[in-house]
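Peer 1: With the input below, show me the fold.
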Amino acid sequence: MNNYNTSIPVQQSRTFLTDLVFPPDTNHHNTIFGGKVMAYVDKIACIAAMRHCRKPVVTASSDSFDFLAPIKTGDAINLEAYVTCAHRTSMEVFVKVERENLLTGEKQLTARAFLTMLAIDEVGKPIPVPQVRPETEEEKRQYVQAQARYIERKNKRI
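Peer 2: Numbering: from 1, shown residues only. Reported below is the predicted structural model:
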């Protein structure tokens, strides 16, 4: 059983999701609704966090949600998420969103976000989570940057 004193490699939380964008998913510009993208991001962040801690989680906050480019009808939406850092009961999850033209193979970064997920027990109280063990250079960079974002989030609450 995982506990606070263990560390889990980032790879264990890495999660991918791909879906096809249909007309009901889009607005009058034939691009996916921003709220639909946000729902995908929240869902995949939840899965990544649960893979890390093997506990139920809830979304505590979302920050740095940047929309960079549209995703059109007929494109695939590709999402990747992983836990970048863990604290006592919370985890920061990075989510990257790409569009993919399935006819040409062209891919483009369309959004990225950082969410804070909180592990909870059966009555909704926060519970400890394992630490993160970054292994690749990218994971180590994200881990260091996550520490600064954590401090920034804490200062916003004061």
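
Peer 1: Can I get the longest strand along the chain in CSV? Just the C-alpha atoms.
Peer 2: In the chain, with assignment by DSSP state E, the single longest strand is strand 107-119. Taking Å, rounded to 0.1, in the frame of the first residue of the first chain, the C-alpha atoms of strand 107-119 are listed here in CSV:
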residue,chain,number,x,y,z
LYS,A,107,-0.1,17.7,-34.9
GLN,A,108,-0.3,21.1,-33.1
LEU,A,109,-0.2,22.0,-29.4
THR,A,110,-3.6,23.6,-28.7
ALA,A,111,-3.7,23.9,-24.9
ARG,A,112,-1.9,23.2,-21.7
ALA,A,113,-2.9,23.4,-18.0
PHE,A,114,-1.8,22.7,-14.5
LEU,A,115,-4.4,21.4,-12.1
THR,A,116,-4.1,20.7,-8.4
MET,A,117,-5.8,17.4,-7.4
LEU,A,118,-6.5,16.5,-3.8
ALA,A,119,-6.6,12.9,-2.5
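
Peer 1: Tell me which helix or strand comes right after that strand.
Peer 2: strand 131-133 (DSSP states H and E).

Peer 1: can you count the residues close to Glu98?
Peer 2: Look at Glu98: counted by other C-beta atoms under 10 Å, it has 20 neighbours. Placement of C-beta: from N, CA and C, glycine included.

Peer 1: From Ile8, how far off is Arg149?
Peer 2: Applying C-beta to C-beta, to the nearest Å, the value for Arg149 to Ile8 is 20 Å.

Peer 1: which one of the two has more residues nearby?
Peer 2: Applying other C-beta under 10 Å to Arg149 and Ile8 shows that Ile8 carries more neighbours, namely 20 against 17.
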